[in-house]
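Participant: sequence first, predicted model second:
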Amino acid sequence: SRFCSPACKIEVPERLTVSHEALVRTGLAARCVSIAVREATDEEILLVHSEEYLEAVKKTPYMTLEDLMAFTQQYGDVYFHPNIYHCAKLAVGATLQLVDSVMTGRVRNGIALVRPPGHHSQKSAASGFCIFNNVAIGARYAMQKYGAKRVLIVDWDVHHGQGVQYCFEDDPNVLYFSWHRYEHQNFWPNLRESDYDSVGKEKGAGFNINVPWNKVGMENSDYLAVFFHVLLPVAYEFCPDLVLVSAGFDSAIGDPEGKMCATPDIFAHLTHLLMNLAGGKLCAVLEGGYNLTSLAQSVCQTVQTLLGDPAPLPADLGGPCESVLKSIHCVRSAHKQYWSSDLPASELSAKSLKVAEQKTGNEPEAQEQRSPEEIVWPEPPKRLCPPVRTAVALPEGVACPDACKRCSSAEAPSSLYSLSLHVLCECVCAGSVCRITVSLYILVCVIVCRAVHVLICVCVCVCVCVCVCLAPQGCSDVAGFMQAVLGLLLPLGYEYNPGLVLLVRMPGSGVCESVWQQLAGLLQGLAQGHTLVLMQVRGPVWVKYSPVNWWMCIQDQNWQLCKCTNSCYQQAEYIRYS
Ligand SMILES: CC(O)(O)NCCCCN
Ligand SMILES: [Zn+2]
């Protein structure tokens with residue numbers, strides 16, 4: 001038997017079994033490689049914890065129940081079991097095995113489903129069900145063993161990972177971002193330093209970002225707004241070599257601790273928005289999550305996005321609520337001296353932080369009264385599982401890049417006009433396009449106007465949102481450009497929820513590869529990945545791991561279509577388009 005204070009009753013072994021069973025049942029586990037776990041060594045644990053703490057924990061397997069109870073009293077909200085030292089070493093070891101696999105390139109990304117969690121544990125203290133700080137050790141390990149210079153830790157657990165904050169608050173090489181239920185310090189761990197004005201210390205000033213939720217009942221729109229207006233602009237400027245996610249799912253609906261209303265499918269988008277950083281090197285490590293139904297669904301949503309499958313947008317996204325708008329403004333003001341990617345707050349609120357009208361039904365009071373079991377939500381929508389990753393139609397003589405599937409050039413109509421008619425009408429008539437977002441570089445060029453014109457005259461249900469943005473001259477003002485994408489284009493695009501994204505890159509636009517890749521990757525989160533790209537390239541055309549589905553390319557003045565269906569089309573859809 002184990003001694004545990006009432007608060008610990010929710011941290012049960014079933015959390016892992018239901019999550020793993022869901023991954024197996026949905027077929028996701030079969031698409032993953034499983035990585036062997038191991039116990040962490042003392043040396044690895046000492047990357048974060050003190051010798052005296054480690055020595056003390058080493059004694060727990062031999063303690064009597066009374067001794068265990070006494071040992072536990074010195075910490076808050078944590079239980080000790082004769083076997084917990086072994087489990088805690090496995091949790092760290094599993095995390096480090098995942099970091100090894102990602103940093104060596106054996107896998108692109110992954111998730112470590114571990115217990116006990118880690119983000120509350122400190123140098124010489126256990127806390128909040130946490131014994132060793134899995135993610136903090138993972139960050140130090142990546143820096144020491146692989147020379148990672150900058151590590152981003154995103155903590156979407158509903159509790160503040162104070163252990164991680166304490167570990168890196170003076171370290172400018174680790175950017176720690178956490179949102180957490182706070183309610184003006186009235187929620188556990190009730191720390192003054194969990195508020196937005198804890199920005200880090202000395203050299204680490206600016207590298208600790210706390211976003212307090214001062215109300216419960218936060219929804220998908222609130223989570224996305226914080227990503228677009230707080231985390232992502234800074235994360236892109238920080239330019240990490242590795243992204244670690246303290247993936248706690250107690251921030252999902254139905255959780256007894258979080259009492260939030262964000263649905264499990266939001267984690268598909270939070271994961272997607274982080275996957276364009278650090279060259280895709282992302283390690284998610286389980287923290288909290290105590291409603292076994294929403295936990296399992298959230299884990300599956302996260303893993304399916306890690307596998308590259310697109311996700312439909314959550315229903316009726318709007319702007320953030322008033323309380324979140326305040327938190328966003330406070331944390332941006334606290335950080336504006338440290339980061340250049342900062343739109344004047346007024347412009348930000350006017351343009352894209354439209355406050356959601358008062359929420360109905362999920363009012364926190366309503367939320368508080370219902371017991372966690374009574375809260376219900378719809379199953380996450382079924383997602384496409386693409387048989388074809390990337391297929392390209394190439395000019396004769398151009399080799400097909402590895403991992404791409406060649407489709408015969410017969411499918412690639414030669415002239416743009418017929419192509420746009422062919423492709424765009426196919427999209428529209430296939431009913432998979434109800435609205436189109438066209439983001440143009442430089443001036444709206446005749447070709448695209450004509451293509452869009454064709455589209456409009458072909459189908460009455462098309463609404464075209466044309467955003468013309470001047471491409472950055474070269475890559476000098478990339479930060480500004482990314483800020484416009486993150487702070488304006490994406491929030492509007494997510495709320496607009498188009499059926500197709502049309503992306504245009506014309507000659508001389510001066511957009512450098514990395515920006516183009518980021519833009520094409522980020523926009524993949526819209527329209528379930530249905531993206532049409534117009535771009536001019538010189539020389540043979542091929543795309544590798546292209547995140548987009550269609551490339552119309554100018555070559556010697558006649559347009560060629562390179563069709564790249566990547567992670568979005570069922571085999572049937574693919575054939576219909578061709
Ligand atoms: C890992 C965690 O953040 O979910 N732990 C929460 C502990 C709550 C104690 N009242
Ligand atoms: Zn938590």
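Facilitator: That came through fine. Ligands and ions are numbered 1, 2, ... in the order given.

Participant: where in the protein is pLDDT low?
Facilitator: For the chain, the stretches flagged by pLDDT under 70 are 1-5, 341-370, 372-373, 385-477, 504-514, 531-578.

Participant: just the closest residue of it to ligand 2, please.
Facilitator: Gly288 (2.8 Å; Cβ to the ion). No exception for glycine: its C-beta is placed from N, CA and C like everyone else's.

Participant: what about that residue, neighbour count?
Facilitator: Neighbourhood size, Gly288 [other Cβ atoms under 10 Å]: 28.

Participant: same deal with the one 10 residues further on?
Facilitator: Applying other Cβ under 10 Å, we find 33 residues neighbouring Ser298.

Participant: what helix or strand does it sit in?
Facilitator: Using DSSP states H and E, Ser298 sits within helix 292-306.

Participant: CA atoms of that helix as CSV?
Facilitator: Written as CSV, here are the backbone C-alpha positions of helix 292-306 (Å, rounded to 0.1, in the frame of the first residue of the first chain):
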residue,chain,number,x,y,z
LEU,A,292,-8.6,9.5,-17.9
THR,A,293,-11.0,10.1,-20.9
SER,A,294,-9.6,13.6,-21.9
LEU,A,295,-6.1,12.5,-21.1
ALA,A,296,-6.2,9.6,-23.5
GLN,A,297,-7.9,11.7,-26.2
SER,A,298,-5.3,14.5,-25.7
VAL,A,299,-2.4,12.1,-25.9
CYS,A,300,-3.8,10.7,-29.2
GLN,A,301,-4.3,14.2,-30.7
THR,A,302,-0.7,15.1,-29.8
VAL,A,303,0.8,11.9,-31.2
GLN,A,304,-1.2,12.0,-34.4
THR,A,305,0.1,15.5,-35.1
LEU,A,306,3.7,14.4,-34.2
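
Participant: report whether that helix contacts ligand 1.
Facilitator: No - Helix 292-306 lies apart from ligand 1 when judged by Cβ under 6 Å from any ligand atom; the minimum separation is 10.8 Å.

Participant: which strands and helices lie in contact with that helix?
Facilitator: Helix 292-306 is packed against helix 14-25, strand 109-112, helix 266-274, strand 282-286, with contacts defined by 3 or more Cβ pairs under 8 Å, 6 or more residues apart in numbering; DSSP states H and E.

Participant: relative to helix 14-25, how tilted is that helix?
Facilitator: Helix 292-306 and helix 14-25 are oriented at 50 degrees to each other (axes from the mean of the first three to the mean of the last three Cα atoms, to 10 degrees).

Participant: just to revisit the earlier point, which of the helices or strands spans the residue of the chain closest to ligand 2?
Facilitator: Assigned by DSSP H and E, Gly288 falls outside every helix and strand.

Participant: quick one: contacts of the helix holding Ser298?
Facilitator: Around helix 292-306, the neighbours that count as contacts under Cβ atoms under 8 Å, 6 or more residues apart in numbering are 14-15, 18-19, 21-23, 26, 28, 32, 109-111, 113, 247, 249, 252-255, 264-269, 271-272, 275, 282, 284, 286, 289, 311, 377, 379-380, 383, 385.

Participant: repeat that with 6 Å
Facilitator: Contacts of helix 292-306 with the rest of the structure, by Cβ atoms under 6 Å, 6 or more residues apart in numbering, involve 14, 18-19, 22, 26, 28, 109, 111, 249, 252-254, 264-265, 267-268, 271-272, 289, 380, 383.

Participant: give me the buried subset of the residues you listed.
Facilitator: Neighbour counting with 16 or more other Cβ atoms under 10 Å marks 18-19, 22, 26, 28, 109, 111, 249, 252-254, 264-265, 267-268, 271-272, 289, 380, 383 as buried within the contacts of helix 292-306.

Participant: pop out the phi and psi values for the residue of the chain closest to ligand 2.
Facilitator: Main-chain dihedrals, Gly288, degrees, to the nearest 10: phi -100, psi -170.

Participant: isn't it right next to Gly248, touching?
Facilitator: Yes - Gly288 lies in contact with Gly248 (Cβ atoms under 6 Å); the separation is 3.8 Å.

Participant: overlap in contacts, the two.
Facilitator: Joint contacts of Gly288 and Gly248 (Cβ under 6 Å, 6+ apart) are Asp157.

Participant: what about the helices and strands packed on helix 292-306, which gets the closest to Ala125?
Facilitator: Closest to Ala125 of these is strand 282-286 (Cβ to Cβ; 19.7 Å).

Participant: tell me the angle the closest one makes with helix 292-306.
Facilitator: 170 degrees.

Participant: who does strand 282-286 touch, helix- and strand-wise?
Facilitator: helix 84-103, strand 109-112, strand 242-247 (3 or more Cβ pairs under 6 Å, 6 or more residues apart in numbering; DSSP states H and E).

Participant: quick one on the thing from earlier: can I get the very next helix or strand once past the helix holding Ser298 in PDB, CA atoms only?
Facilitator: Remark: after helix 292-306, the chain's next helix or strand is helix 322-335, criterion DSSP H and E. Listed next in PDB are the C-alpha coordinates belonging to helix 322-335 (Å, rounded to 0.1, in the frame of the first residue of the first chain):
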ATOM      1  CA  GLU A 322     -11.300  39.600 -21.200                       C
ATOM      2  CA  SER A 323      -9.300  37.900 -18.500                       C
ATOM      3  CA  VAL A 324      -6.900  36.300 -20.900                       C
ATOM      4  CA  LEU A 325      -6.600  39.600 -22.800                       C
ATOM      5  CA  LYS A 326      -5.400  41.200 -19.600                       C
ATOM      6  CA  SER A 327      -2.900  38.400 -18.900                       C
ATOM      7  CA  ILE A 328      -1.600  38.700 -22.500                       C
ATOM      8  CA  HIS A 329      -1.100  42.400 -22.200                       C
ATOM      9  CA  CYS A 330       0.500  42.100 -18.800                       C
ATOM     10  CA  VAL A 331       3.000  39.500 -19.800                       C
ATOM     11  CA  ARG A 332       3.800  41.200 -23.100                       C
ATOM     12  CA  SER A 333       4.400  44.500 -21.200                       C
ATOM     13  CA  ALA A 334       6.700  42.700 -18.700                       C
ATOM     14  CA  HIS A 335       8.700  41.200 -21.600                       C
END
